[in-house]
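A.B. asks: Build me a structure from this.
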Amino acid sequence: MKFSSDRRFILYMILPVLIFFAVTTIILLVGMFISPHEIIGTFVFVLIFLIISILVLCYILLKPKPTFIFNENNIIIKKDNNIEEINIENISKMTYYRFRWFYIFILAFAQLPEGGCMKIHIIENNNDKHLLGFISYKNAKKIKKLYPNLLNIE
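C.D. replies: Numbers count the residues shown, from 1 in each chain. So this is what the prediction gives:
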């Protein structure tokens, strides 16, 4: 099975913010013709956030995605022209943490003890750790069928 990093959920989270700032910028731009001295500070503030949202969106869309190939004997990780292979016999634990909506409020993708959701956390017998993300829950269930005794979905 071959999967690439699934960044669609980040796109879905940023798109409403981008639309909000774009509409607010247009409203403030129209308001600048009516009363420019009172709105200029707010307009600049909203415009900065609009530009930041656009840059983040471009980064998400243009950055190359890592690819993960899951076989019966090994897992191959292709990331930034590097190929890494993990032998299944050397894996002691694999855990997948599902996305939960309350994670948004506590910055789950970087700050949770497990290191983030929508990722497969692999621990080898020699305590080497690998993080495979972002993987959708639907794809994680397919991987669970391949490794039923090895992968835990939480």
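
A.B. asks: Following the chain past the worst-scoring helix or strand of the chain on mean pLDDT, name the next helix or strand.
C.D. replies: Across the helices and strands of the chain, mean confidence by mean pLDDT, DSSP states H and E is lowest for helix 108-111: a mean of 48. Next in sequence after helix 108-111, counting helices and strands by DSSP states H and E, comes strand 119-124.

A.B. asks: contact partners of that following strand?
C.D. replies: 75, 86, 90-97, 114-115, 129-135, 140, 143, 151 (Cβ atoms under 8 Å, 6 or more residues apart in numbering). Backbone N, C-alpha and C define where each C-beta goes, glycine included.

A.B. asks: Narrow those residues to just the buried residues.
C.D. replies: Among the contacts of strand 119-124, those classed as buried by 16 or more other Cβ atoms under 10 Å are 75, 86, 91, 94-97, 115, 130, 132-135, 140, 143, 151.

A.B. asks: buried residues in whichever helix or strand Leu18 is part of?
C.D. replies: Element membership of Leu18, judged by DSSP H and E, is helix 8-34. For helix 8-34, a neighbour-count test (16+ other Cβ under 10 Å) marks Ile10, Leu18, Phe21, Thr24, Thr25, Leu28 as buried.

A.B. asks: Tell me the backbone dihedrals of Tyr96, please.
C.D. replies: phi -110, psi 130 (degrees, to the nearest 10).

A.B. asks: same thing with Asn127?
C.D. replies: Asn127 adopts backbone torsions of phi 70, psi 20, taken as degrees, to the nearest 10.
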